[in-house]
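Peer 1: 3D, please:
(one chain, ligands or ions: 1)
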Amino acid sequence: MKAWLSRLTADLPSSLTSCEDLARFELAHAIPSVSFEFQHDPALGEEFRISRKENHAVCIAGGSAGILYGAYALIRNFLEGNSLPDHLESSPRYSLRMINCWDNADGSVERGYSGQSLFFQNGKLSYDPFRMRELGRLMASVGLNVLCINNVNVHFPAQLLLEDMLPDAAALADLFRPFGVRLMFSVDFSQPMRHGIPTADPLNPAVLSWWKETAARVYSAIPDLAGFLVKADSEGRPGPFTYGRNHADGANMLAEAVRPFGGIIVWRCFVYNCRQDWRDTMTDRPKAAWEHYAFLDGTFADNVILQVKHGPFDFQVREPVSPLLLGMKKTNLAMELQLAQEYTGQQIDLYTMIPMWKELFEELPEENIMSVAAVSNLGNDENYTGHPLAAVNFYTYGLLAWNPAIDPRKAVSSWVNLTYAFSPEDERTLTDLLLSSRRTYEKYTAPLGLGWMITPHTHYGPNPSGYEYDLWGTYHKADRNAVGIDRTASGTGYLLQYPDDLQRKYADPETCPDLYLLFYHRLPYSFRMKDGRTLIQRIYDDHFEGLAETEKMSRLLLTLPFPEPDKTVISDRMQRQLHNAKEWCDIINTFFHRLSGADDLHGRVIYE
Ligand code: GCV
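Peer 2: This is a model prediction of the structure:
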């Protein structure tokens, strides 16, 4: 990450106070041989239009942020060795392109794998202004425009962001403004109860008044605050259900409070029964979001955005796109991704996400999805992302949020080029490794749509029965005959939440793509896959292949000329990934061998 910045220019002076100032500074340092002119047109907003003048100067037209994004587009292009375009126009596909940090006021980061918080320490806002400018620059350089700095699980005293911390938060917002980045705060739905209001019932007038006064105070300190992010009635967080109200009641009340200031409410849809009884086969966790929200379509205020995790579970390696994203046509929606590698290798194992995101974006309808959000993978480690190569996910997320049509290879090789300036051959090698890393991880962990064979709570390493008799609703129900959950009409009925064409695609195990097979179907180990192999053989083969690919990846990766300190960190993490891949392969294959009694056709080592 830092390497990409150092290719950009010299350190940013603190005196830059506007997007145009910043754009001028960046261009003058990165492309000194060319003269640039700006044509400020507020109507263009974030859009930019680049053209050549007769005097050969390059003109960037746009609103303030548009000029900045145009400047970074030119710089990226130029540093990658391309000539400056005579004409280029671009505007973002999604208007809000957000980073959600899960940072706690005590300085810890929930699901953080790259150090402590960049924003908090000891219950207070505490940040290094230099690093904040670096972060602003990282975000602006790939078009990201909203930063929510605190965890959706709002632990005391992060609530104080609305109170005691407000002056410091306002100073932080000032730091990010020249980068076109607006702050957002996660709020606790029950917050009025800390202030003498006996209830948080969204239909109680005293509650609305409290939020209105609070919003007025917050917006007078930070007039361009993007709004509030809310996790309610989820995993123990307070919410409208306590009062017999629904989530439109809750979200619309908050929306009314921020409306006078142009604020929005981003309301998460990660609501499910996390106290499930594994004996109960009627409750199926992936159905939960739809059951809680679909009937409310059309009832949310126009400044509410429902933020929906991309899949119906929780950021597994492979999940189908959430039916809510396809079905709620009269509601503003944001798709939520997770850069933090919670289930995907914890920034130890290589896992480049853009191939996965592309699959998801291709499924989305055009109309009502206006925003994207991603859980941050940043922390205060020197390189920001723990694993230096995990930065590719931050960078490519920005490019994709701007333009979901971008070619994944182009996006990844752009990052490789800007970060390491390798020879074309080494650039290709690293790009290939990164692009294949997700599929490799999927093979050695829980392929074929299984998911959830991971160690409970820490979410790293294999534990095939770890979640099996637990309360989180994430079961595979493997026994000696079969594995997987039937989610078709004859099973839990989850598939019925989808449009007809998708129902047809997934309903029949003969036509359901292998990658989703055990997510939708419960099948015997003897089931014949499309390629003629049995299911059990395919499980063994995928795991052995995943391990072999990791070994090959390790050999190739270590031939690349990474500079220090990246070289040492990458090599150390690769060793840990190799160990992890072997654990997964051995434990999952042994688990299924013991259950099924089926031998591997190729006689490879499976432990008894
Ligand atoms: C912020 C998963 C994670 C939790 C996270 C939650 C969420 O359950 O394990 O750490 O909490 O998702 O997205 O709210």
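Peer 1: Now Cys148: closest residue in space, sequence neighbours ignored.
Peer 2: Of all residues not flanking Cys148 in the chain, Met184 sits nearest, at 3.9 Å (C-beta to C-beta, 6 or more residues apart in numbering). C-beta coordinates here come from the backbone N, C-alpha and C atoms, glycine included.
Peer 1: Dihedrals phi and psi, the one you found?
Peer 2: When read as degrees, to the nearest 10, the backbone of Met184 gives phi -140, psi 150.
Peer 1: going forward can the numbers begin at 337, since that is how I track them
Peer 2: With 337 as the first residue, the last one maps to Met520.
Peer 1: who does it bridge with?
Peer 2: Here Met520 shows beta-bridge partners Cys484, Gly563, assigned using DSSP bridges.
Peer 1: Next one: it from the ligand, what distance?
Peer 2: Here Met520 is placed at a distance of 15 Å from the ligand (C-beta to the nearest ligand atom, to the nearest Å).
Peer 1: what's the answer for Lys694, then?
Peer 2: Using C-beta to the nearest ligand atom, one obtains 22 Å as the distance from Lys694 to the ligand.
Peer 1: For that residue, give me its contacts.
Peer 2: Taking C-beta atoms under 8 Å, 6 or more residues apart in numbering, we find Lys694 in contact with 736, 740, 744.
Peer 1: same thing with Ala782?
Peer 2: Taking C-beta under 8 Å, 6+ apart as the criterion, Ala782 is in contact with 652-653, 788-790, 924.
Peer 1: need the contact list for the spatially closest residue to Asp638 that is not a sequence neighbour.
Peer 2: Take Asp638 and drop its neighbours on the chain: the residue closest to it by C-beta to C-beta, 6+ apart is Asn668, 7.1 Å away. Taking C-beta under 8 Å, 6+ apart, we find Asn668 in contact with 636, 638, 640-642, 704, 706-707.
Peer 1: which residue packs closest to Asp936, ignoring adjacent ones?
Peer 2: Asp936's closest residue in space is Tyr876 (C-beta to C-beta, 6+ apart), at 4.8 Å.
Peer 1: which other helices and strands contact the helix or strand hosting that neighbour?
Peer 2: Under the assignment given by DSSP states H and E, the secondary-structure element containing Tyr876 is helix 871-893. Counting contacts by 3 or more C-beta pairs under 8 Å, 6 or more residues apart in numbering; DSSP states H and E, the secondary-structure elements packed against helix 871-893 are helix 760-780, helix 902-932.
Peer 1: redo that, cut-off 10 Å
Peer 2: helix 760-780, strand 818-819, helix 853-856, strand 859-860, helix 902-932 (3 or more C-beta pairs under 10 Å, 6 or more residues apart in numbering; DSSP states H and E).
Peer 1: most packed of these?
Peer 2: For those, the stretch with the most neighbours on average is helix 853-856, a mean of 25; neighbours defined as mean count of other C-beta atoms under 10 Å.
Peer 1: which strands and helices sit next to that one?
Peer 2: Taking 3+ C-beta pairs under 10 Å, 6+ apart as the contact definition, the neighbouring helices and strands of helix 853-856 are strand 818-819, helix 836-843, helix 871-893.
Peer 1: deepest of those, which one?
Peer 2: Neighbour counts averaged per stretch over these are highest for strand 818-819, at a mean of 22; criterion: mean count of other C-beta under 10 Å.
Peer 1: residues making contact with it?
Peer 2: With C-beta atoms under 10 Å, 6 or more residues apart in numbering as the contact definition, strand 818-819 has outside contacts at 784, 786, 812-813, 853-854, 857-863, 871-872, 875, 928, 931-932.
Peer 1: Tell me the gap between whichever strand or helix holds Met706 and the middle of its chain.
Peer 2: Counting by DSSP H and E, the element that carries Met706 is strand 705-711. Once both centres are worked out by C-alpha atoms, centre = their mean, to the nearest Å, strand 705-711 turns out to sit 8 Å from its chain's centre.
Peer 1: Mind checking the pLDDT average for whichever helix or strand Ser522 is part of?
Peer 2: Per DSSP H and E: Ser522 is located in strand 518-523. Mean per-residue pLDDT for strand 518-523: 98.
Peer 1: related to what we said a few turns ago, could you provide the contacts of Asn668 in a markdown table, with additional columns for distance to the ligand?
Peer 2: Putting the contacts of Asn668 into a markdown table (distance: C-beta to the nearest ligand atom, whole Å) gives the following:
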| residue | distance to the ligand |
| --- | --- |
| Phe636 | 20 |
| Asp638 | 25 |
| Val640 | 18 |
| Ile641 | 16 |
| Leu642 | 14 |
| Asn704 | 22 |
| Met706 | 21 |
| Ser707 | 17 |
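Peer 1: Alright, calling it a day.
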